[in-house]
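S.K.: Sequence below, structure please.
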Amino acid sequence: MAEYKFETLADLNQLISNLVPEGKNIEYKQEIPSKDDGGSLKILKSISAFANTNGGFILYGIEEEKGIPKKISGLKIENQDEIKLRVENLCRDGLEPPLTTNLSFHYIPMENEKSVLAIKIRKSYRSPHRIKYKNHGHFYARNSAGNYPLDVGELRKALGEENSINEKARSFIIDRLSKFEVGETPIPINQQLGKLIVHIVPVSAIISEINNLDLNSTQQLEFTPPETHGPRMRRNLDGFVWYANQIPTRAFAQIFRNGIVESFLELNAREEHGSMIINSVTYENNIYDVIEKYLSLLLKYNIEMPFLIYVSILNVDKYQLNMEKDEDDTHGVNHVLDRKDIFLPPIFIEKANYDMNEIVSPIFNLIFNAFGYIKSSRVDINGKFSR
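M.R.: Modelled structure (predicted):
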């Protein structure tokens, strides 16, 4: 998306003085469309078209002629929150999949108590979005001439791009996990013990070769693995790695230049009657702390959402899981794991105001399922985890 900036009236005046036309990344509107069905469809067409292409801006309050901005007329807006809520609700309920986190709203004040509304639409990594409002049913994209409906070939391509993102992310995870199997980790680890590995993958890191994380300005100490004492840091070709101060190490966090985080923790298990017993509370807390910490840091350093979270547990054949409290109705079932490795499907995070308990609940339930239990002992009947 072109790097436009619309924060002041001077920024808007530049559009007029430079005769910047409407195009793939910018659209001018004199008024906000009406609240009837026709007006709502206009909003959805423009927003979905930008989201399905490369993102862009809609500027409400600017008069244009044949796509050229002529006058900043502004809008008299009595309730800014009401407009924001209307647009967000339309994009949530009128698009499939819903578009919930790709919009930002900025009002540029004028001297006559009017303002220009700039809506920034970021490219969606869940595209293509279909308009389902009033059974409209169409997909739209954006080119230099404006919005247009996707044809069958373009729709296939758009759907293929989403599948390509998933495949690229999966290939990266498989490649990284294979390095754990053959001992090619950034810091040596004990190959004989169980391994808990969490990957947090910004989608932007999968589709672009750009280094998202400024490793020179980042306060690297913040990226130390949770609950490690006396950690050490070293730079490497991929970025930098923090690790617990012992070799082989029991924990490390590899931070990649593109914003991907790889967290490793040696599984804390005790030997009992020939079996290795994992404490469910300990490993759940470990996963929770890692995801919470690194999601927060990636957002702090402006790594663009959405994120994919992968949790893998390696080398745990014949391990057992010790529940915090026996509330499961599977008495008599052998809760020894029936495989060497656990690979969980990714969790997709697209909202900055995410709920950690909702993120981890399906992760914990699936791990308990792998050990023969119905669900995690700390996930309630409504599917909500509580520490």
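
S.K.: nearest spatial neighbour of residue 88, skipping sequence neighbours?
M.R.: Spatial nearest neighbour of residue 88, excluding adjacent residues (CB to CB, 6 or more residues apart in numbering): residue 103 at 6.7 Å. C-beta here means a position set from N, CA and C on the backbone, and glycine is covered the same way.

S.K.: What segments of the stretch 151-300 of the chain are helices?
M.R.: 152-182, 203-207, 280-300 (DSSP state H, counting those that start in this stretch).

S.K.: quick one, phi/psi of residue 82?
M.R.: Backbone torsions of residue 82, given as degrees, to the nearest 10, read phi -70, psi -40.

S.K.: Can you give me the neighbour number for it?
M.R.: Counted with other CB atoms under 10 Å, residues neighbouring residue 82 total 10.

S.K.: about what we covered before: could you pull up the contacting residues of the residue nearest to residue 88?
M.R.: Contacts here follow CB atoms under 8 Å, 6 or more residues apart in numbering; on that basis residue 103 touches 47, 87-88, 91, 119-122.

S.K.: cutoff 7 Å now
M.R.: Shown here is residue 103, whose contacts under the criterion CB atoms under 7 Å, 6 or more residues apart in numbering are 87-88, 91, 119, 121.

S.K.: beta partners of it?
M.R.: Partner residues in beta bridges with residue 103: residue 121, with DSSP bridges as the criterion.

S.K.: Quick check: pLDDT value at it.
M.R.: According to the per-residue confidence, residue 103 scores 90 in pLDDT.

S.K.: do residue 279 as well
M.R.: What the model reports as pLDDT for residue 279 is 86.

S.K.: My read is that it contacts residue 320, right?
M.R.: No: if you go by CB atoms under 7 Å, residue 279 and residue 320 don't touch, sitting 10.6 Å apart.

S.K.: Name the residue closest to the centre of this structure, please.
M.R.: Central residue check for the chain by CA atoms, centre = their mean: the C-alpha nearest the mean position is that of residue 306, 2.0 Å away.

S.K.: what number of residues lie near the residue nearest to that residue when sequence neighbours are not counted?
M.R.: In this structure, residue 306 finds its nearest non-sequential neighbour in residue 350, 3.9 Å apart by CB to CB, 6+ apart. Neighbouring residues of residue 350 were enumerated by other CB under 10 Å; the total is 18.

S.K.: so who does residue 350 touch?
M.R.: 100-101, 305-306.

S.K.: Now the helices of the stretch 151-300 of the chain in TSV, please, with extra columns for distance to residue 138 and mean neighbour count.
M.R.: Below are the helices of the stretch 151-300 of the chain laid out as TSV (distance: least, CB to CB, whole Å; neighbours: other CB atoms under 10 Å):
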stretch	distance to residue 138	mean neighbour count
helix 152-182	10	14
helix 203-207	25	20
helix 280-300	34	19
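
S.K.: Against which helices or strands is the helix or strand hosting residue 142 packed?
M.R.: In the assignment (DSSP states H and E), residue 142 maps to strand 140-143. Contacts defined by 3 or more CB pairs under 7 Å, 6 or more residues apart in numbering; DSSP states H and E place strand 140-143 against helix 37-52, strand 146-149.

S.K.: hmm, what's the outermost residue in this structure?
M.R.: Of all residues in the chain (CA atoms, centre = their mean), residue 273 lies farthest out, 42.9 Å.

S.K.: Looking at that residue now. What's its pLDDT?
M.R.: 76.

S.K.: coming back round to it: I'd like the average pLDDT over the strand holding residue 142.
M.R.: Averaged across strand 140-143, the pLDDT comes to 92.

S.K.: how near is residue 119 to residue 166?
M.R.: Using CB to CB, to the nearest Å, one obtains 29 Å as the distance from residue 119 to residue 166.

S.K.: before we move on, what about residue 58?
M.R.: Using CB to CB, one obtains 30 Å as the distance from residue 58 to residue 166.

S.K.: now swap in residue 288 and tell me
M.R.: Look at residue 288 and residue 166: by CB to CB, they are 25 Å apart.

S.K.: Could you list the low-pLDDT ranges of the stretch 151-300 of the chain?
M.R.: 162, 209-212, 215-219 (pLDDT under 70).

S.K.: Got the phi and psi for residue 227?
M.R.: Summarising the backbone geometry of residue 227 under the convention degrees, to the nearest 10, its torsions are phi 60, psi 40.

S.K.: tally of neighbours for the residue nearest to residue 316 when sequence neighbours are not counted?
M.R.: For residue 316, the nearest residue in space outside its immediate sequence neighbours is residue 194; the separation is 4.4 Å by CB to CB, 6+ apart. Taking other CB under 10 Å as the criterion, the count of residues near residue 194 is 23.

S.K.: Tell me who's in contact with residue 194.
M.R.: The neighbourhood of residue 194, defined by CB under 7 Å, 6+ apart, consists of 267, 269, 313-316, 319.

S.K.: what's the answer for residue 75, then?
M.R.: Residue 75 neighbours (CB under 7 Å, 6+ apart): 32, 60-61, 114-117.

S.K.: Tell me the pLDDT of residue 381.
M.R.: For residue 381, the pLDDT comes out at 84.

S.K.: Ignore what I typed, I meant residue 325.
M.R.: If you check residue 325, the pLDDT there is 53.

S.K.: now the strands for the stretch 251-387 of the chain?
M.R.: Using DSSP state E, counting those that start in this stretch, the strands of the stretch 251-387 of the chain run over residues 251-256, 261-266, 269-272, 275-279, 307-314, 319-322, 342-343, 347-349.

S.K.: closest to residue 190 out of those?
M.R.: Within those, the stretch nearest residue 190 is strand 261-266; the backing value is 6.4 Å (CB to CB).
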